[in-house]
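Novice: Here is a sequence together with a model predicted from it:
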Amino acid sequence: MKFSVAFEGGDELAANLAQLSMRLSKKILREALIEGGEPMRQDMGRFAPREPGAPDLADNMGISNARTGDMAAIAIGPVKGFFYGWFQEYGTKHFGGQAFARPAFDGNVHASLGIIGQALWRELAGRGFSRSATVSTPLQDEV
């Protein structure tokens, strides 16, 4: 699933990030994405079905870097070794799904975007950049 969004002040944010080195801007973006993704990760763990015994899928949700070429991106979901979580999410021909990722996404997307915007501006402000627009009002969602 791909998701894109426009922030109020997004052009200004992008222009300020473009003044930094590619390596530094990707680092700042990745850290902001991780900070913003944490509420989703936590809710995935809360919503994932629990089974008796350990290890449990619900206790093994993570955030990792996603390979996207020149963009910063993260992946949120079951950690390595818990791949079956996606079968749990979507179901198979043998059983219906018990969604945990989509409800976590839907319940947190707008708050997470606000966290990401605030984290980006906080990092940029620490490097001497200022903003003229308010931040983090999602204008469009594409799923």
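Specialist: Yep, that arrived. Numbers count the residues shown, from 1 in each chain.
Novice: Give the buried residues for the worst-scoring helix or strand of the chain on mean pLDDT.
Specialist: When each helix and strand of the chain is scored by mean pLDDT, DSSP states H and E, helix 10-18 comes last, with a mean of 85. For helix 10-18, a neighbour-count test (16 or more other CB atoms under 10 Å) marks 10, 12-13, 16-17 as buried. For every residue, glycine as well, the C-beta is placed using N, CA and C.
Novice: do stretch 85-99 as well
Specialist: 85, 88-89, 99.
Novice: what does stretch 76-87 give?
Specialist: Buried residues in stretch 76-87, counted by 16+ other CB under 10 Å: 76-78, 82, 85.
Novice: from the residues you listed, which ones fall inside strands?
Specialist: Secondary structure defined by DSSP state E assigns 76-78 of the buried residues of stretch 76-87 to strands.
Novice: which helices and strands does the least confident helix or strand of the chain pack with?
Specialist: When contacts are defined as 3 or more CB pairs under 8 Å, 6 or more residues apart in numbering; DSSP states H and E, helix 10-18 packs onto helix 22-47, helix 101-126.
Novice: Please identify which of the ones you listed is closest to residue 65.
Specialist: helix 22-47 (6.5 Å; CB to CB).
Novice: Residue 32: what's it in contact with?
Specialist: 115-116, 119-120, 123 (CB atoms under 8 Å, 6 or more residues apart in numbering).
Novice: And for residue 52, the neighbour number?
Specialist: Residue 52: 5 surrounding residues under other CB atoms under 10 Å.
Novice: Which strand or helix spans the closest residue to residue 22 other than its chain neighbours?
Specialist: Closest residue to residue 22 apart from its sequence neighbours, by CB to CB, 6 or more residues apart in numbering: residue 70 at 7.5 Å. Using DSSP states H and E, residue 70 maps to neither a helix nor a strand.
Novice: and residue 70, what pLDDT?
Specialist: Per-residue pLDDT puts residue 70 at 72.
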